[in-house]
Every structure is written in C-alpha cells, then in structure tokens.
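Asks: sequence and computational prediction follow.
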Amino acid sequence: MDYIKLINSLVSKAKGFGADAAEIYLETGRNLSIQVQDGEIETIEEAYSAGVGFRVIVEGKMGFSHCNELTNDALEDTFKRAVAFAKLTTADPNNVLPDNKDITQVNGLYDAEIIKVSMEKKIKMAIDLEKLAMKDPRITKSSGASYGEGMGEVYIANTNGFLKVYKSTGCSIGVSVVAEKGEQKNTGGESCSRRYFADLKPLGEIAEKASRKAWELLDPVMIPTQKAAVIFDPDVAGSIFGGILAALNGERVLQGASFLKDYLDKPFASPLLTIVDDATRDRGMASAPFDGEGFPTCKQILVEQGVVKAFIYNTIVAKRAGKKSTGNASRGGFTSLPGVGTHNVIVRPGESTPAQIIKATNKGLLLKEVTGYGIDPVTGNFSGGATGFWIENGVIKHPVQGVTIAGNAFDIMKNIDMMGNDLDYNRGMAAPTFRVKEMQIGGK
Amino acid sequence: MSTNQYIVRDIPRRKFLELSVKGGLVLAASSPLLTQFLSSCSNGSASAAGLGIDKATIDKVIAKALEKGGDFADVYIENRASRQIVMEESKFKSGLYGISQGAGVRVISGNKTGYAYTEEITEANLLRAAEVASYVAKNGKKSTPVNVSDAKRLSFITVKHPLGDIDDAKRIEIMKRADQAAMDYDKRIKMAMINYYDEVRGRVIANSEGIYLQDELPMMFFIVQTMSDDGKARHMSRERLSRHMGFEMFDEFTPEMVAKRAAREAIAMLDAQDAPAGIMDVVMQNGWGGVLVHEAVGHPLEADNIAKKIGAFTGKVGQKVASDVFTMVDDGTIPNARGTINFDDEGTQTKRNVLIEKGVLKGYMSDILSAKQLGMERTGNGRRESYQYIPIPRMTNTFIDKGSSDPAEILSSTKKGIYVQSLSGGSVNPVTGVFNFTCREAYIIENGKKTVPIKGATLIGSCLQVISNIDAVGNDLDFGPGICGKGQNAEVDAGMPTVRIRGINVGGSRA
C-alpha cells in the first residue's frame, strides 16, 4: 500500500472534515516472538500490523481517534470521529502542532539482515541460550528462553506541511533460570536488546549472567535494621533514576506535581551526578530522528553536576511553559496521544572502578535487585525491596535478601559520593555503579 | 525477562493512556465489513464480532490449522470500540475514540503453541494465519477437528444502559461532577485528574472441540486522582471504579463519591511522617488491599508455572499452606464485577474456584493448555488482552474470603504496627514467591489505635510466609479494581476483608 499517498490525501481533506489542524500518525509493524522451554519450542507468535491515529484541533480543542483498518472509508470515518470528539474538550491556545520540518540525522536504526536470518536459526539460538544457562550444576530449572524481533515504520504528517518517515528494527534474546538448594529457590534472568542482529551479545555471556544472578544470592543472611552505605549496580540504576526523569517532565512541573519543580538551575544532587538524554546515539534502542509528533530530536543535558539544567517538553507543554519543544514527545503507538518522555538516558560515568567502590565501603549493601515503584515523582519519596550483598571492611561478606531500603530523593541524590567508570549500555537507562553514602535499611 | 515479574499497576495517568486503548495493528478490511462494524459500534450493542465470518469458514480455518498435526486449534475474532476522555486541571484535555479489530488462530501440539493474527479479517488471511500457526505442529500427532456449532454459557453481565446509547455529553457531565466535588472538598486540593474510559469488546471464540461462542463485554473504568499541596507537603491520591456493565454504574456509585474519597486521602496524607523500617505487624483494611494475595498467592497459583514445575506452590495440592483462618477464592461469576467474564477467552465457562480452603491448598487456575498438562479441570481462567495475544492463565476476581473477626477488634487488639488503608500495587516473582507492595495510605498503630499517617512505604515478604502469618480475618469483605500485567494486561478485581499479618518487612526511611 502507498502510505504516503494515503496520508497526503487525508491531510488534504482535513480542513474539509472540520479540523483547523490535524496530525496523522501511521505505524506499521511486523513482530516475531519465539519462546522455548526445556529445549523445546513453547510458543511462536508472528504478526503484521498497521494502524493510524488522528489528532485534530478544532477551534483550539483537541480530539483523537485511531483505527486499524486502512481503507479509505474507515479512515475518513475515524477522522471525523476525532473532529466530533474534539468538540467535547476545552479550548486551549497551547493546542498547536509542531511546524519544524527538520529531521535529525541518526544512524543505525534499521538492520535489513534480521529478517534474512532463518526461523530455524532463531529458534536454535533460544534453545542454545537456555542450554548454556542451565550448564551450571547449581541451576536446577529453566523458566524459559526467548527470542523476539520487530520491524516497523512510523509516518507522521500534519497540516503544518511536513511528512516524515523512518523505519527501525529491534531484536532481543533472553533467558531466565532457577537455582535451588534445599528449600531455597532463586531466579536469575538476563536479556540483550539491539537494533542490529549482529550486535546481540554472545549467548555464553548472557547465559552466564542469568545463571550467576540465580545462584549467587543463595544462602542469604538477614541483616539488622540500620543506616549504611548503599551501592547501586548498573542493573538497578533504572529503579532509582526513573522517578528523577519523571520529575523532569515539563508538564508535571507546570502542574506542580514534581518534587523538582523549583530546581531549574539549582543543585539538588551530588556534583558527581550528570544525566544526559540522547536521542541521536548510533544504534541506540531509543534513538529516533524525530519524536512522537515529528519534532526533531537532540542530545541534551538534563542534570549537570547535580544541577537541573532542563525540563523536557513536547510541543503543547513547551508552548504552555513559554519554551521550545525539546523533542521529547513520547508515543505509545498509534493508539495514543503524545506524552512527554526521555530517549536514551545516560548517567555520566565517574572515575572509580566497582572494585574500588566496594573496597572503600566500610559497611554497606551492594544492590543487585530493587523492587517497587522507585522514587515518587510528586514527593521524592523512595521505598523499595532489596537484594544484594553485604559488605564489611571493603569485602563482600554474604548475600542478603528480603530487606528494604528507603529515603527521600534529595537525601539520596545529595549523598552520592562515588561514581563508577563502568557504564553499561545494555540497559535502557545506562548508568555506572554508584554509591550513596547512607540510606535506611530495614531488616530484622 | 518479561516473564519474571507479574505486576498490578498503579496506572499512572500517562501509562493509562497507553494501556487502555491497546489494540490495533493490521492491514485492511473490505468496505461491507467496515460498514457493519461501524454501525454496530455506534449503537453499541451489535454482535459485531462475527464480522461476516461464518461457521463453515471457521471450520475450514481450523482444519487448515490442524493439517500438519496438532491436538487443538482455535479461532478468536475480536473487535473493540473505546472512548476515553481526560480531564486535568479542570479542563477537558483530550477525547480519544478508538476502534480495532483482529482475529487470531492458535494451534497447540503437545506443549507447543503456535499463534498468528490478522487485522484484515478475510477467509484468505485467516487461512494464512492458520498456516503460520501450524508451524509448531510439524511432525506432531494428528487429530480430527469437530465442526463448530453454537455452545451455551451462563451470563453474569447485565446491561441496563448500553454504552452505545449514551450521549458523550453525559460522559462529560459525570467528569465535571467529579472534578467539582474534588476541588470543592478542600482548598488544599490543587488539581484533579479525571480519566473516563469505556469500551465494548465483541468476541467470537470457536475451536476444534466444536464450540462456537459469541458475546459482547461492556466495560467502564473511571479514575479520579487528586493532588493536594499545603506549601509543605504534597500527595497524589487515587480512587477507581470499574465494572463490566452499562452506564448505570454511576447510579450506584456517584462520581462525587469517587472524587470525595480521592480528595479525603490527598488531604489526610499531607501530614504523613517518615515510616519506620523493619519487621512489624500489619493490619490491612478491606478492599483493594486484596492485591496483596492476588500477587503473593494468586500468581503463584496460576497453572502455567505449576506445569513447568517451577511455581512456588508446585506439588502442594492437599497440603496445609496457610493458617486455618485463610480461605482464598477466584470467582469469575460475581455479577458485573470488573474481573467477571461470562466465559474465558477460550470459551470455558467461568466459575467460583476455591484455591485455598482453611489453609489447605485446593487447586490451581488453568487455561486449556495447562489443564491438559497437569491433568486437571479447566477452571475458566484462560484470558487474553486482545487478539494480539495468546490466552494464558489469569485471575478474575480474586479475594480472601470473609472470616469471623470484627474489623474494629482486629485493630484494637494490635498493640503496635502499621495500618494499611490502601495499597498502590505491587509485584511478585511467581517462582520464588517473593513480593512487594507500595502503601498508598497508611498509619502507625499504637496501642490498638490508628495514629499518624506515614509516607508510602514498601511491604515485602514471601508468599508462603505471609499466608501463614495471617492470624485474623474480618467479616467485611470488599473489592477494588485493577489492571494486572503478565506480559499482557487483564482487568481484575482484588478483594479481602480486614486482615492482620504478623511480621512483614516495612520499608520505612527511619529506624
């Protein structure tokens, strides 16, 4: 199907249907998912799909509709429903669509090779990965391994006169295993997601990490309730920085629902903390040439040496704040309106090796897993469940499970006193190991 | 891996936008089909799910699906029309209207499942999906499908005012009333966020055992969040209302009631102090707090992990796993409840399933595949988010059954601890049974009395330990609505009476 022709035709009819301004977001996709269990295929799922979302503005009022039938009649009918729905909403002079026609140059989003790899090879990779993760005698069971891939195209056009397109691919492979010892059970999982098939990590490396995560926390010892240093492994950085990023959302700031609302250009964290949002990184999983409403993306510093440097915006929120869009319109697909969100987030690495951080810790908890909601972006309150290792006099003593950690975002961030040099790009949130001087730990 | 953690989400507003209108991927439909679909959406009561695919065509598709081999095949056809309206800061921010349709073909061969779907529902595409799904059945044992014919199921969902007949102006009116009530509650309420969502999901389910079922499930979901700010502290509260029913939901529960409850929490929590850390006794108020057992016990009792022999309750049927006062039920037949579906998404009649009775494990929750693998009955728990997903064992309305204790007495007999009035949500690792929850509204208990509110603390523990430590169960069973995530979403209710749990680890920020 000629989507460009279809979109152009819809854009040209928008005014006739009663919209003062309109945006057409069309998305196509192909997905494959393979799950294996105990060396056998468990499920194979495959699908092709496409859908369109219409965002319209009628006398300053915004409406949205979507459908997954790409026939002319269905699309026109759906478009008209957005116009009708818009009339119910409240007019707002900030309801405008982007008009910037630029596209940021971003490389490595599409790998033409993924689809050429045979289904048999992909199945075998998942089976081999599971086998490798089961190799250690401490691993007793598998919770399955999986391979997944997707490719898609995004088309965004609006009545300000642009139509932008990009296509992208992604693939991932992962495994989860169980270690048992007597009555004890522990799970460990690891996965790797990449834009390019050839960039997937070696199976042995993924398997080893999943396996180690499962067995290394066996035989935990409970620790007393106390205040002590807490070291965050790169795997758990996301659990704490997610709430910080949410608090930098310009809409929350305007609504007064962010604990960072009064901190623009003011310090709230340790000078060791610098956070960058980079939509332009080569082959980055969250890289894109334009954001969820077609505004060109960029690389920007959000927090520099502990100081808030920027809040993030989409077009509407930026207009309300009297700012320019930062290219942070996020989109959950053609069924949703643009929100505000980050791309590839990187916490700038420091100078210490993880070993140096452990060695410098007199008494503390090395975190391997954190559960819970993370930092509350409204209040900055943080509380979570934690597992990891207990450190005494610079040496790992024993595993710890079933404890809690808690604090306030300001205290936690100000107390970051060591930043590692081991930045791990395998996570959506790339961060190095870092240490918080002191946090409340809840135990026995 | 995504299979690791099952969560019940707190549904932040923006997430809700993404989750609620899930649907959509596809190709194209012929116009007669389209016309039929759209007209059915507009009156909201159509059996649109049929979409012109007759039983003879379904027989052909199922035969194709089992051509290479396989034990079982089914066809699932779905359409969905949804409306969502978002109000923030007393303004109607956006209105979203969505339609989606799609059909999937599944083949089960031994322990293997193949699945493919199409969004352009034509015979040719269904046959192609059948071909793709049958990949897993190569070299599988062959079976002969039974031609499909109408099957009968009980219905637990009644509708007085079909959503398709409701003027959008009425939806707007409901939201305005909620906003007004929230803002009028107290000057310190700075903002209300009102999320209105409704949908009608039409389903056709047909399988190689010969069943053909068709129905339509209406659903309403109404969420009020309010933010308080007194210059020193802030709190974002939430109250939700959801039923599988028509617009009459608001006759029973007015928008003002929902809004006032949300506002009350927002104001009460302005005085919250730091929570203590460590192991302590917890009294949990009746209602949505049942999400604790949904996570801690419900997920580990879903039969898929049991069939893999990795679930925390594997091999424990008939054994004492909880205290005598503890009975837990999953009941997909509660009239019009959010977790109720007349038959599950594989066509199995939903039931009231007693999972744990007076501390003894009675059974698991199954779908067709796990029931076969475990040699157990089908319990009506095979559910799917949409045609884009295969059915898997899921909960419906899950709760701790009511006990005999007076809730006031449970509190007054607790010397020291935490009173949890509501939870945001939580997650569990179904293999180890280790769970966590975040408190939304909680108080310190001193000498049998609720005293100061405390900031949202996490509660953690393991499933077997927590149900053994429940030593008092009240007589005041109540429910609350949620979205349960297990790789795909399902609408559920969780419930419980007031209960006391001895010795849970509380994640506070002070000693």
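Replies: Thanks, I have the structure now. Note that the coordinates shown come from a computational prediction; the quantities given were computed from them, not determined experimentally. Numbers count the residues shown, from 1 in each chain, chains lettered A, B, ... in the order given.

Asks: please count neighbours and contacts with C-alpha atoms only from this point.
Replies: Will do.

Asks: can you point me to the longest helix in chain B?
Replies: As assigned by DSSP state H, the longest helix anywhere in chain B is helix B:168-185.

Asks: given the helix or strand following that one, what are its sheet partners and their directions?
Replies: As assigned by DSSP states H and E, the chain's next helix or strand after helix B:168-185 is strand B:189-207. Next to strand B:189-207 in the sheet, as set by DSSP bridges, lie strand B:72-88 (antiparallel), strand B:211-229 (antiparallel).

Asks: out of the ones you listed, flag the one nearest residue A:317.
Replies: Closest to residue A:317 of the strands paired with strand B:189-207, according to CA to CA: strand B:72-88, at 13.3 Å.

Asks: and the following helix or strand past that closest one, what other elements does it pack with?
Replies: Sequence order places strand B:91-109 as the next helix or strand after strand B:72-88, per DSSP H and E. When contacts are defined as 3 or more CA pairs under 8 Å, 6 or more residues apart in numbering or on different chains; DSSP states H and E, strand B:91-109 sits against strand A:61-67, helix A:72-86, helix B:55-65, strand B:72-88, strand B:112-118, helix B:123-133.

Asks: what angle sits between strand B:91-109 and helix B:123-133?
Replies: 60 degrees (axes from the mean of the first three to the mean of the last three CA atoms, to 10 degrees).

Asks: state the mean pLDDT of strand B:91-109.
Replies: Taken as a whole, strand B:91-109 has a mean pLDDT of 94.

Asks: how close does the residue in chain A that chain B sits nearest to get to residue A:69?
Replies: Closest contact between chain A and chain B, by CA to the nearest CA, is at residue A:49 (3.5 Å). Distance of residue A:49 to residue A:69, given as CA to CA, to the nearest Å: 10 Å.

Asks: the more surrounded of the two?
Replies: residue A:69 (29 against 23; other CA atoms under 10 Å in any protein chain shown).

Asks: helix, strand or coil for that one?
Replies: coil (DSSP: H, G, I helix; E, B strand; the rest coil).

Asks: give me the pLDDT for it.
Replies: 89.

Asks: briefly note if the helix or strand hosting residue B:451 comes near chain A.
Replies: Per DSSP H and E, residue B:451 falls inside strand B:449-454. No - using CA under 8 Å from any CA of the partner chain, strand B:449-454 never reaches chain A; the gap is at least 11.1 Å.

Asks: residues touching residue A:169, list them.
Replies: A:109, A:110, A:111, A:149, A:150, A:151, A:152, A:195, A:196 (CA atoms under 8 Å, 6 or more residues apart in numbering or on different chains).

Asks: which ones are touching the fourth one?
Replies: Residues counted as contacts of residue A:149 (CA under 8 Å, 6+ apart) are A:31, A:32, A:33, A:114, A:169, A:170, A:171, A:172.

Asks: export those to CSV and tack on pLDDT, secondary structure and distance to residue B:421?
Replies: CSV is the format used below for the contacts of residue A:149 (pLDDT from 0 to 100; DSSP: H, G, I helix; E, B strand; the rest coil; distance: CA to CA, whole Å):
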residue, pLDDT, secondary structure, distance to residue B:421
A:31, 91, strand, 43
A:32, 93, strand, 43
A:33, 93, strand, 41
A:114, 96, helix, 51
A:169, 96, strand, 46
A:170, 95, strand, 43
A:171, 96, strand, 43
A:172, 95, strand, 41
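
Asks: are any of these buried, and which?
Replies: A:31, A:32, A:33, A:114, A:169, A:170, A:171, A:172 (16 or more other CA atoms under 10 Å in any protein chain shown).

Asks: hang on, residue B:214 packs against residue B:205?
Replies: Yes - here residue B:214 reaches residue B:205: they are 6.4 Å apart, a contact under CA atoms under 8 Å.

Asks: the two: who's more crowded?
Replies: Neighbours were counted for residue B:214 and for residue B:205 using other CA under 10 Å; residue B:205 has more, 26 against 21.

Asks: and residue B:261, which of the three is it?
Replies: Relying on three-state DSSP, one would call residue B:261 helix.

Asks: is it in contact with residue B:239, as I believe?
Replies: Yes - the criterion here is CA under 8 Å, and residue B:261 meets it with residue B:239 at 6.7 Å.

Asks: list of residues touching whichever helix or strand comes after the strand holding residue B:451?
Replies: Sequence-wise, the next helix or strand downstream of strand B:449-454 (DSSP H and E) is strand B:458-462. Contact partners of strand B:458-462, identified using CA under 8 Å, 6+ apart, comprise A:372, A:383-385, A:402-404, B:296, B:432-439, B:504-508.

Asks: what strands flank strand B:458-462, and is each parallel or antiparallel?
Replies: strand B:434-446 (antiparallel), strand B:499-507 (antiparallel).

Asks: whichever helix or strand comes after it near chain A at all?
Replies: Using DSSP H and E, the helix or strand that follows strand B:458-462 in sequence is helix B:463-468. No - against chain A, helix B:463-468 shows no contacts by CA under 8 Å from any CA, the least distance being 11.9 Å.

Asks: list the buried residues of helix B:463-468.
Replies: Residues B:463, B:464, B:465, B:466, B:467, B:468 are the ones in helix B:463-468 that count as buried (16+ other CA under 10 Å).

Asks: stretch A:312-326 too?
Replies: Those would be A:312-321, A:323, A:325-326, for stretch A:312-326 by 16+ other CA under 10 Å.

Asks: picking that back up, need the strands paired with strand B:189-207 in TSV with distance to residue A:251 and mean pLDDT, can you?
Replies: Formatted as TSV, the strands paired with strand B:189-207 follow (distance: least, CA to CA, whole Å; pLDDT from 0 to 100):
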stretch	distance to residue A:251	mean pLDDT
strand B:72-88	11	95
strand B:211-229	14	96
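
Asks: can you put the ones you listed in CSV and add distance to residue B:177?
Replies: As requested, the strands paired with strand B:189-207 are arranged in CSV below (distance: least, CA to CA, whole Å):
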stretch, distance to residue B:177
strand B:72-88, 11
strand B:211-229, 11
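
Asks: winner for burial among the ones you listed?
Replies: strand B:72-88 (a mean of 25; mean count of other CA atoms under 10 Å in any protein chain shown).

Asks: dump that one to CSV, keeping only the CA atoms.
Replies: The C-alpha trace of strand B:72-88 is given here as CSV (Å, rounded to 0.1, in the frame of the first residue of the first chain):
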residue,chain,number,x,y,z
PHE,B,72,-6.1,-28.4,19.4
ALA,B,73,-6.8,-25.3,17.4
ASP,B,74,-8.9,-22.3,17.9
VAL,B,75,-10.0,-19.1,16.2
TYR,B,76,-10.6,-15.9,18.1
ILE,B,77,-12.2,-12.9,16.5
GLU,B,78,-12.4,-9.6,18.3
ASN,B,79,-13.5,-6.0,17.8
ARG,B,80,-13.4,-3.2,20.2
ALA,B,81,-14.8,0.3,20.3
SER,B,82,-13.4,2.5,23.1
ARG,B,83,-13.8,6.0,24.3
GLN,B,84,-11.5,7.8,26.7
ILE,B,85,-11.8,11.3,27.9
VAL,B,86,-9.2,13.0,30.0
MET,B,87,-9.8,16.0,32.3
GLU,B,88,-6.9,17.7,34.1
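
Asks: now it against helix B:55-65, angle please.
Replies: Using the same axes, to 10 degrees: strand B:72-88 against helix B:55-65 is 110 degrees.

Asks: please state the offset of strand B:72-88 from the chain centre?
Replies: 14 Å (CA atoms, centre = their mean, to the nearest Å).

Asks: one more: stretch A:7-14?
Replies: Using CA atoms, centre = their mean, the offset of stretch A:7-14 from its chain centre is 33 Å.

Asks: tell me where the model's unsure across chain B.
Replies: Counting by pLDDT under 70, chain B contains low-confidence residues at B:1-51.

Asks: let's see that with 80 instead.
Replies: Along chain B, the model assigns pLDDT under 80 to residues B:1-52, B:311, B:425, B:430.

Asks: and what of the stretch 1-150 of chain A?
Replies: For the stretch 1-150 of chain A (pLDDT under 80), the answer is A:1.

Asks: next up, identify which helix or strand the residue lying farthest from the centre of chain B is on.
Replies: No residue in chain B sits farther from the centre than residue B:139, which is 37.4 Å out by CA atoms, centre = their mean. Per DSSP H and E: residue B:139 is located in neither a helix nor a strand.
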